[in-house]
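Student: need a structure here:
(2 chains)
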Amino acid sequence: MPRMNRRTFVAGSTASSLALGLTRPSGAATAETEPSGPDVIDVVLSVNGAEHALAIDPRVTLLDALRDRLGMTGTKKGCDQGTCGACTVLVNGRRIDSCLTLALMHAGDRITTIEGIAQTGKLHPVQAAFIDRDAFQCGYCTSGQIVSAVGLLGEGRALDRDAVREHMSGNICRCGCYPHIVDAVLDAQKAT
Amino acid sequence: MNPFRFARAESTPAALGAVASGRHARFVAGGTNILDLMKVGVEMPELLIDINALPLRSIVRRGDALHIGALARLSDVAADAQVRAAFPMVAIALEQSASPQLRNMASIGGNVLQRTRCPYFRDLATACNKRAPGTGCGAIGGMNRQQAVLGTSDHCIATHASDLAVTLAALEARIHIDGRAGSRDASIRDFYRLPGETPHVENVLAYDELITGVSLPLLAYGGNSTYLKVRDRAQYEFALASAAVALDIANGTIRQARVALGGVGTIPWRSLEAETLLSNAPATRVTFEKAAQAAVAGARGYGQNDFKIALAQRTLIRALEMVVERQ
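Tutor: Sure thing, here's the model as predicted:
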């Protein structure tokens, strides 16, 4: 019997419910029975330097494509409405909330997720600083915090504690690790 | 989200053709508002038209105005050197809008059309004349702490949510609109519609028209401006009250002024009354208090939001003082 853990179970259940959701009525469509959704659409997503060809329902957000279609579960779904930042990814180097954009809108874009932050097996300075500063507790928001901080360093605006608090305000931490997160971002700023 | 068809427009005419295809269609740019509203079922388009490929992102001087493409992102406009020099109030308002991630996504055109954050508008289980005309207003007599005190009606008291639009009102921006019949401009003064008896009609944009850009007429004293936003927490929150102010001051006397309030109006609230009182008056606290009283002269509280009438005045006075201090 194949080994079953929580993630494989959840992934399997999700896949089957999505398949059900995509089942289309057969036979001639009338106004009332017209399929409620369009056909799936092909899209190629470039994630962490690799291209992935997908056929997806237009409703699939970039976040759901990453997690449920590509198995990159490092990017987290917190609020799913753009208020928590757990789903932060970089698109062409800029940080965005992947829950409020459709996967189909990102053909040709360069997408970087938490899985692509470390380079050649070496932790990114932000990742190392988060470990050094103990900048997390439960860890659910952490990948979003780290990707957002990488984006912030690229913007060159992590100048002092107040600036980091302001520019990291799109990432909520319900454990309240903000003081250590600010420390970590400032450390990483000095290291880069 | 309801199922929908998806189209990617490669040109403005293609986008305008797609929206007139007969299906209930919506344009998507940044997606931060429309996709959020689709998730909660407030918006249910049959067709979503991605307009991000349209060449509408530039920020350029055109004649005596600064033209901002509708698809420029909030973060790009906030960082633009021309905007920062000519209209500090715009850069400040944008930097205090939403979060860094959302500012990288949200477009200028979308922000102008941003829908209210009134909880009744977003909750399908409640009454809302803006979302479902004729069902009533849950906020009147309900949770209305965040809602408007200016420009309200018996049918709607929803606050306009945009910070940027408050500065556009103060700066007399022009909204550039493309339709299949051609192009037209609307003054920001005429663009937004008071709720009245039809709160679901929020502006003069027709269903099949597209905002292509916003122009800010250069203002000699635009550089002497600010935007002050008062909110429940320091970052990432909508305004309880805000003020966009520009002052032309010489020898302690205000020659001309621009004033608009946010967080308190059903539309971005330009106050010509305050501007008139400020003009040719000494730049003193007494003058500012008179102007602030005039700005909220017609305000009406609905219980929980009564405090906004005082807060709006204090916000405006403080904003005026900040501009004077910066001189």
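Student: When you work out contacts or count neighbours from here on, use the C-alpha atoms and nothing else.
Tutor: OK.
Student: where does chain A come near chain B, residue by residue?
Tutor: A:36-38, A:58-59, A:81-82, A:85, A:88, A:94-97, A:100-101, A:105, A:148, A:166-170 (Cα under 8 Å from any Cα of the partner chain).
Student: The chain: helices as residue ranges?
Tutor: I'll assume chain A. Listed in chain order, the helices of chain A (DSSP state H) span A:6-22, A:62-64, A:125-132, A:142-155, A:161-167, A:178-191.
Student: my bad, the chain I had in mind was chain B
Tutor: B:12-19, B:34-39, B:74-79, B:81-86, B:88-95, B:100-105, B:108-112, B:119-122, B:164-170, B:188-191, B:272-278, B:285-295, B:307-326.
Student: Centre of the chain to the last one, how far?
Tutor: In other words, helix B:307-326. 19 Å (Cα atoms, centre = their mean, to the nearest Å).
Student: Tell me the buried residues in that helix?
Tutor: B:308-309, B:311-324 (16 or more other Cα atoms under 10 Å in any protein chain shown).
Student: which other residues reach that helix?
Tutor: B:149, B:224-230, B:240-247, B:261, B:264, B:283, B:285, B:288-289, B:292-293, B:295-296, B:299-301 (Cα atoms under 8 Å, 6 or more residues apart in numbering or on different chains).
Student: contacting residues around the residue of the stretch 51-200 of chain B found nearest chain A?
Tutor: The stretch 51-200 of chain B approaches chain A most closely through residue B:101 (4.2 Å), counting by Cα to the nearest Cα. Residues in contact with residue B:101 (Cα under 8 Å, 6+ apart) are A:85, A:88, A:95-97, A:148, A:170.
Student: Just those: which are in strands?
Tutor: Among the contacts of residue B:101, the members falling in strands (DSSP state E) are A:88, A:95-97.
Student: now those residues as JSON lines including distance to residue B:30?
Tutor: Below are the ones in strands among the contacts of residue B:101 laid out as JSON lines (distance: Cα to Cα, whole Å):
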{"residue": "A:88", "distance to residue B:30": "15"}
{"residue": "A:95", "distance to residue B:30": "13"}
{"residue": "A:96", "distance to residue B:30": "10"}
{"residue": "A:97", "distance to residue B:30": "11"}
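Student: Looking at the residues you listed, which is nearest residue B:107?
Tutor: Within these, proximity to residue B:107 (Cα to Cα) peaks at residue A:96, which comes in at 12.9 Å.
Student: Against residue B:269, how distant is the residue nearest to the closest one when sequence neighbours are not counted?
Tutor: Spatial nearest neighbour of residue A:96, excluding adjacent residues (Cα to Cα, 6 or more residues apart in numbering or on different chains): residue B:101 at 4.2 Å. Using Cα to Cα, to the nearest Å, residue B:101 is found at 27 Å from residue B:269.
Student: contacting residues around residue B:120?
Tutor: Contacts of residue B:120 (Cα under 8 Å, 6+ apart): B:126-128, B:137-139.
Student: Report the two of those separated the most.
Tutor: Going by Cα to Cα, the pair spanning the contacts of residue B:120 furthest: B:126 and B:139, at 9.7 Å.
Student: Pop the domain breakdown of chain A in here.
Tutor: Here the domain assignment for chain A is A:39-113, A:125-191, based on automatic domain parsing.
Student: Nearest to residue B:185, out of those?
Tutor: domain A:39-113 (29.0 Å).
Student: Just the endpoints, please. Distance across that closest one?
Tutor: 28 Å.
Student: burial measure for residue B:304, as a count.
Tutor: A count of nearby residues for residue B:304, using other Cα atoms under 10 Å in any protein chain shown, gives 15.
Student: what does the stretch 151-300 of chain B have sitting close to chain A?
Tutor: So far as Cα under 8 Å from any Cα goes, the stretch 151-300 of chain B lies against chain A at B:235-236.
Student: Going along the chain, name the strands of the stretch 151-300 of chain B.
Tutor: B:174-179, B:182-187, B:210-217, B:225-230, B:241-250, B:253-262, B:269-270, B:281-282 (DSSP state E, counting those that start in this stretch).
Student: can you pull the pLDDT of the spatially most central residue of chain B?
Tutor: Nearest residue to the geometric centre of chain B (Cα atoms, centre = their mean): residue B:165, 2.5 Å. Looking at residue B:165, its pLDDT reads 98.
Student: got the contact list for it?
Tutor: Applying Cα under 8 Å, 6+ apart, the residues near residue B:165 are B:111-112, B:268.
Student: any idea how far the closest residue to residue B:157 other than its chain neighbours is from residue B:141?
Tutor: Nearest in space to residue B:157, with sequence neighbours left out and distances taken as Cα to Cα, 6+ apart, is residue B:148 at 5.3 Å. Counting by Cα to Cα, the separation of residue B:148 from residue B:141 is 13 Å.
Student: With neighbour numbers in mind, choose between the two.
Tutor: Remark: of residue B:148 and residue B:141, residue B:148 carries more neighbours, 31 against 10, as counted by other Cα under 10 Å.
Student: Among the domains of chain A, which comes closest to residue B:13?
Tutor: Using Cα to Cα, the nearest of the domains of chain A to residue B:13 is domain A:39-113, at 19.5 Å.
Student: contacting residues for the nearest residue to residue B:161 once chain neighbours are set aside?
Tutor: Closest residue to residue B:161 apart from its sequence neighbours, by Cα to Cα, 6+ apart: residue B:116 at 5.3 Å. Residue B:116 makes contacts with B:158-161, as judged by Cα under 8 Å, 6+ apart.
Student: try residue A:163
Tutor: residue A:157.
Student: got it, and residue B:128?
Tutor: Contacts of residue B:128 (Cα under 8 Å, 6+ apart): B:120-121, B:134-138, B:156.
Student: what bits of chain A have low per-residue confidence?
Tutor: For chain A, the stretches with pLDDT under 70 are A:1-38.
Student: returning to what we had before: top of the contacts of residue B:128 by number of neighbours, please.
Tutor: residue B:156 (26 neighbours).
Student: I'd say it and residue B:202 touch.
Tutor: No - contact status for residue B:156 versus residue B:202: not in contact, 11.3 Å apart, counting by Cα atoms under 8 Å.
Student: Give the residues shared as contacts by the two.
Tutor: residue B:195.
Student: Would you reformat the contacts of residue B:101 as CSV and include neighbour count?
Tutor: What follows is the contacts of residue B:101, written out as CSV (neighbours: other Cα atoms under 10 Å in any protein chain shown):
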residue, neighbour count
A:85, 36
A:88, 33
A:95, 30
A:96, 28
A:97, 31
A:148, 32
A:170, 27
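Student: and which of those residues is nearest to residue B:37?
Tutor: Nearest to residue B:37, judged by Cα to Cα, of the contacts of residue B:101 is residue A:97 at 15.4 Å.
Student: in the sheet, who's paired with that closest one?
Tutor: residue A:88 (DSSP bridges).
Student: show me the contacts for it.
Tutor: A:82, A:85-89, B:101-102.
Student: what's the closest of these to residue B:15?
Tutor: Using Cα to Cα, these come closest to residue B:15 at residue B:102, 24.0 Å.
Student: what sits against the closest residue to that closest one other than its chain neighbours?
Tutor: Counting by Cα to Cα, 6+ apart, residue A:96 is the residue found nearest to residue B:102 once chain neighbours are left out, at 6.3 Å. Counting by Cα under 8 Å, 6+ apart, residue A:96 touches A:88-90, B:100-102, B:104-105.
Student: how near is the closest residue to residue A:74 other than its chain neighbours to residue A:108?
Tutor: For residue A:74, ignoring the flanking residues on the chain, the nearest one in space by Cα to Cα, 6+ apart is residue A:114 at 6.1 Å. Separation of residue A:114 from residue A:108 (Cα to Cα) stands at 19 Å.
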